[in-house]
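In: Here is my input, please return the structure:
(2 chains)
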Protein chains: 2
Amino acid sequence: MEKIAIIGTGLIGQGWAAVFAQAGFEVAMYDSSQKAVERALMAMEKRIADLAEFDLIKLSDAPQVLQRITVADSLEEALDDAIYIQENGPENVDIKKEITLELDAIAADDVPIGSSTSGISASRYCKDIAGRYRCLVVHPINPPHLHPAVEIVPTPWTDQSIVSKVNDVMIKCRRETIVLSEEIDGFVVNRLQGALLEEAFRLVGSGIVSAEDLDKAICDGLGLRWSIMGPMQTIHLNAPGGVTDYVARYGEMYRGFGIGPYDDVDWANIAKEKLGPELSQRTPIAEIPEAQIARDRKLMALLRHKKQAGVETSKQ
Amino acid sequence: MEKIAIIGTGLIGQGWAAVFAQAGFEVAMYDSSQKAVERALMAMEKRIADLAEFDLIKLSDAPQVLQRITVADSLEEALDDAIYIQENGPENVDIKKEITLELDAIAADDVPIGSSTSGISASRYCKDIAGRYRCLVVHPINPPHLHPAVEIVPTPWTDQSIVSKVNDVMIKCRRETIVLSEEIDGFVVNRLQGALLEEAFRLVGSGIVSAEDLDKAICDGLGLRWSIMGPMQTIHLNAPGGVTDYVARYGEMYRGFGIGPYDDVDWANIAKEKLGPELSQRTPIAEIPEAQIARDRKLMALLRHKKQAGVETSKQ
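Out: Numbering: from 1, shown residues only, chains lettered A, B, ... in the order given. Modelled structure (predicted):
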């Protein structure tokens, strides 16, 4: 049973503990505040019980999962024998630098140091640290144990072997890893959210639509599709000839909305050179009709679920 | 039993027929091509059977629902006694104008003429039509019977009574209506999709992430939340003080990503003046912790559903 160290035991650290322990890892939690770590351990019981209630872990496995999570009294104890470190400190460059220096001084040389930060690229705090080759961002979506997506963002100095190692750990934890080729502010998840929020603020701010109605556009519209299929695959299935055909049909229309401007982004060329080849490998053009039928069946299953679970937008 | 006329019986028209018939309306389908309308009627059987298979209509109700859908041999027959007209013609201003002129000449004065167009504001084709006061866009998300969201977009000349009438019909059909105060290119749904796609194309185009990994960011991340809760309510619940607090904490960060530029959109002011008051009415600040718990339970139920249904991103 391999061991993972969790440094910082707030809500994010707790979510990670649930993820790692579920996958069979031994989890050592450490926090500079003794109170925080005691509170965290208490909270874990509730989290694991919740997961069992929703059949996301077997009820009979719950006690074992909980037993895998322990508290370390010191940083040294937490890191001893750990194969991976997940750091969840405050969102502050100076504090991240201080914590990472300490971790780097103690941990064995080949142990990756992943940070949960959502806003700070790792290069901003690890540049002058000896072990910068093993520093990177491993960003979950809050709460981590309820969102499979995890972003892995290397710095210019991160070893490829470190990226692979982290990716392997995450895949063992049944995470869906988003591996970036290089750092970019906001990474992928928050850039996509930010782009949508920009337009949402514009629409609500200009009085064209209420926040409640705007929410319906996603929750009862685009979000239904997007919870079973990403936006790239969505448009690939929405034209007979796949994504390049979609851009030929609708690219002009979207550009005409006056969102942006993004004069440097050439949809048609990107569709032809990158999206088309990649998406057609996943779903060849000839298989699109079949994939559409499968998609609609998943949508119906999702609607049935929402109906049975009584999940309705306007009531939330 | 009130009657609704569906003009144009392609995929969108068929989806609408399922929506209206399920709600108890008598549905008359008309298409200038006799072949198209025969094909549509055949397809309806399969659609209704699918809905019954997924418990979205009762199996015992299926025959009655189908019986409510009939074919009209002429436009006059289709419109006779209809209380609402849903037009699903080709996406072409001239053709829309021609069809709408015809409909306006035949239909009783108080019958709204809604167009399913996703790209053409109704003012572009109805300006010179006598009955422009009853023309508007009623835009579904494809396929209409699998997405509750419907956009209602009035022209500068559309009567408020017409908007209310259409809204009432849609609510009877258990649609979630997004009512715009005025026309804007792309309406709300496609503007939001367009904003997200712009950033997605940029990220994939620059080689920062693959299309497959980008899809995970939505399908296993943001899309999970967004299928149970819109983006405005999402951020309202993601800060202790609600949406204004969220913008105070993270607004700067999002603006720093360099998405846009949207120099004319003042997040802080919009949050304070519009979003805060509206969202706090739905979920008062004091009830946010409780709403977070409810949200996480819905997320867990959704994950259970996806697990049971075998819906996993990378396999699609």
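In: Tell me the buried residues in the worst-scoring helix or strand of chain A on mean pLDDT?
Out: Least confident helix or strand of chain A, by mean pLDDT, DSSP states H and E, is helix A:267-270 with a mean of 83. In terms of neighbour count (16 or more other CB atoms under 10 Å in any protein chain shown), helix A:267-270 has its buried residues at A:267, A:270. Where you see a C-beta, it was placed from the backbone N, CA and C, and this is true even at glycine.
In: Spatially nearest residue to A:Asp94, not counting backbone neighbours?
Out: In space, and not counting its chain neighbours, A:Asp94 is closest to A:Tyr125: 7.8 Å by CB to CB, 6 or more residues apart in numbering or on different chains.
In: rewinding a little: dump the least confident helix or strand of chain A to PDB, restricted to CA.
Out: Provided in PDB are the C-alpha atoms of helix A:267-270 (Å, rounded to 0.1, in the frame of the first residue of the first chain):
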ATOM      1  CA  TRP A 267     -11.400  28.600 -36.200                       C
ATOM      2  CA  ALA A 268     -11.400  27.100 -39.700                       C
ATOM      3  CA  ASN A 269      -7.700  26.500 -39.600                       C
ATOM      4  CA  ILE A 270      -7.700  25.000 -36.100                       C
END
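In: longest single helix anywhere in chain A?
Out: The longest helix of chain A (DSSP state H) is helix A:288-309.
In: Which elements pack onto it?
Out: Other helices and strands packing on helix A:288-309, by 3 or more CB pairs under 8 Å, 6 or more residues apart in numbering or on different chains; DSSP states H and E, are helix A:223-226, helix B:34-53, helix B:288-308.
In: closest to A:Gly15 out of those?
Out: helix B:288-308 (10.3 Å; CB to CB).
In: Contacts for that closest one next, please.
Out: A:50-51, A:53-56, A:143, A:146-147, A:227-228, A:301-302, A:305, A:309, A:311, A:316, B:224-225, B:227-229, B:236-237, B:240, B:242, B:283, B:311-312 (CB atoms under 8 Å, 6 or more residues apart in numbering or on different chains).
In: Which parts of the stretch 101-250 of chain A are helices?
Out: A:123-126, A:160-172, A:189-205, A:211-217, A:223-226, A:231-236, A:242-256 (DSSP state H, counting those that start in this stretch).
In: thinking again about what came up before, now do the same contact list for the residue nearest to A:Asp94.
Out: A:93-94, A:96-97, A:100, A:135.
In: Please indicate which of those residues are buried?
Out: A:96-97, A:100, A:135.
In: Just give me the neighbour total for the residue lying closest to A:Gln233 once chain neighbours are set aside.
Out: Of all residues not flanking A:Gln233 in the chain, B:Asp215 sits nearest, at 5.4 Å (CB to CB, 6+ apart). Per other CB atoms under 10 Å in any protein chain shown, the neighbour tally for B:Asp215 reads 31.
In: what do you get for A:Glu273?
Out: Counted with other CB under 10 Å, A:Glu273 comes out at 14.
In: touching chain B at all, stretch A:15-25?
Out: No - Stretch A:15-25 is not in contact with chain B by CB under 8 Å from any CB of the partner chain; minimum separation 10.3 Å.
In: which outside residues touch that stretch?
Out: A:1-4, A:6, A:9, A:27, A:29, A:40, A:44, A:47-48, A:51, A:57, A:65-66, A:68-69, A:86, A:88, A:116, A:140, A:142-146, A:172-175.
In: Report the entries of those that also contact chain B.
Out: A:51, A:142-143, A:146.
In: so which of the residues you listed comes closest to B:Leu203?
Out: So of these, ranked by how close each gets to B:Leu203 (CB to CB), first place is A:Asn142, at 21.1 Å.
In: tell me the contacts of the closest one?
Out: By CB under 8 Å, 6+ apart, the contact set of A:Asn142 is A:11-12, A:15, B:238.
In: what's the distance between it and B:Leu299?
Out: Note on A:Asn142: its distance to B:Leu299, by CB to CB, to the nearest Å, is 11 Å.
In: now swap in A:Ala21 and tell me
Out: Counting by CB to CB - A:Ala21 and B:Leu299 are separated by 19 Å.
In: Give me the distance between the nearest residue to A:Thr155 once chain neighbours are set aside and B:Thr244.
Out: Nearest non-adjacent residue to A:Thr155, counting by CB to CB, 6+ apart: A:Ser123, 4.1 Å away. Taking CB to CB as the measure, A:Ser123 and B:Thr244 are separated by 32 Å.
In: of the two, who's got more company?
Out: The residue with more neighbours, out of A:Ser123 and B:Thr244, is B:Thr244; 23 against 19, by other CB under 10 Å.
In: what's the more buried one in contact with, if anything?
Out: Counting by CB under 8 Å, 6+ apart, B:Thr244 makes contact with B:268, B:271-272, B:275-276.
In: Buried ones from the residues you listed, can you make that a PyMOL selection?
Out: The PyMOL selection below is limited to those of the contacts of B:Thr244 classed as buried (16+ other CB under 10 Å):
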select buried, chain B and resi 271+275+276
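In: filter the contacts of B:Thr244 down to the ones near chain A?
Out: Answer for the contacts of B:Thr244 near chain A (CB under 8 Å from any CB): B:271, B:275.
In: and which of the contacts of B:Thr244 is nearest to chain A?
Out: B:Leu275 (5.4 Å; CB to the nearest CB).
In: can you pull the buried residues of stretch A:209-223?
Out: A:209-223.
In: whoops, stretch A:160-172 was the one
Out: Neighbour-count burial for stretch A:160-172 [16+ other CB under 10 Å]: A:162-163, A:165-167, A:169-170.
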